[in-house]
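Visitor: can you look at this prediction? I've put the sequence above it.
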Amino acid sequence: IGFSFFNWITPVGMEWLLLIAVGILTQFAQVYMTKAYQSSEINTVAPLKYIGVIFALTWDILLFDFVPNGTMFLGIAMVVGGVVLNLQYKARLAK
């Protein structure tokens, strides 16, 4: 916050609409995530939050022409691999 205070640029035109859209979509995401936690077991829903990594990477590539380096792919693989292993472990415990 300290850095943005001195370099503040007030949004104009379409930037305001984009900020409002982000706020509204974030609110919907929060509501539906809460509903998911209420309607299912937490150990089933919680690991799915990490799918956001895949969406973030996709948007980075499509919108910003950002190409992740090897270290980033390693981190992504570790997170996704951990989620998959966790889901498999929980499925085995449920049997």
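Guide: Now that the structure is in, tell me what you want to look at.

Visitor: how does this protein divide up, domain by domain?
Guide: Domain ranges of the chain: 1-39, 41-95, per automatic domain parsing.

Visitor: first-to-last residue distance for the last one?
Guide: Between the start and the finish of domain 41-95 there is a gap of 15 Å, counting by C-alpha to C-alpha, to the nearest Å.

Visitor: off-centre distance for it?
Guide: How far domain 41-95 lies from its chain's middle: 9 Å, per C-alpha atoms, centre = their mean, to the nearest Å.

Visitor: check which helix or strand covers the nearest residue to Asn43 once chain neighbours are set aside.
Guide: Leaving out its chain neighbours, the residue that sits closest to Asn43 by C-beta to C-beta, 6 or more residues apart in numbering is Lys90, at 5.5 Å. Where you see a C-beta, it was placed from the backbone N, CA and C, and this is true even at glycine. For Lys90, the element it lies in under DSSP states H and E is helix 70-94.

Visitor: what packs against that helix?
Guide: Contact here means 3 or more C-beta pairs under 8 Å, 6 or more residues apart in numbering; DSSP states H and E; on that basis helix 70-94 packs against helix 52-64.

Visitor: and the contacts of the helix it packs on?
Guide: Helix 52-64 is contacted from outside by 66-68, 76, 79-80, using C-beta atoms under 8 Å, 6 or more residues apart in numbering.

Visitor: tabulate the residues you listed (JSON lines), appending pLDDT.
Guide: Below are those laid out as JSON lines (pLDDT from 0 to 100):
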{"residue": "Phe66", "pLDDT": "87"}
{"residue": "Val67", "pLDDT": "86"}
{"residue": "Pro68", "pLDDT": "84"}
{"residue": "Ile76", "pLDDT": "81"}
{"residue": "Val79", "pLDDT": "82"}
{"residue": "Val80", "pLDDT": "81"}
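
Visitor: what's the closest of the residues you listed to Leu19?
Guide: Within the contacts of helix 52-64, the smallest distance to Leu19 is 21.4 Å, found for Phe66 (C-beta to C-beta).
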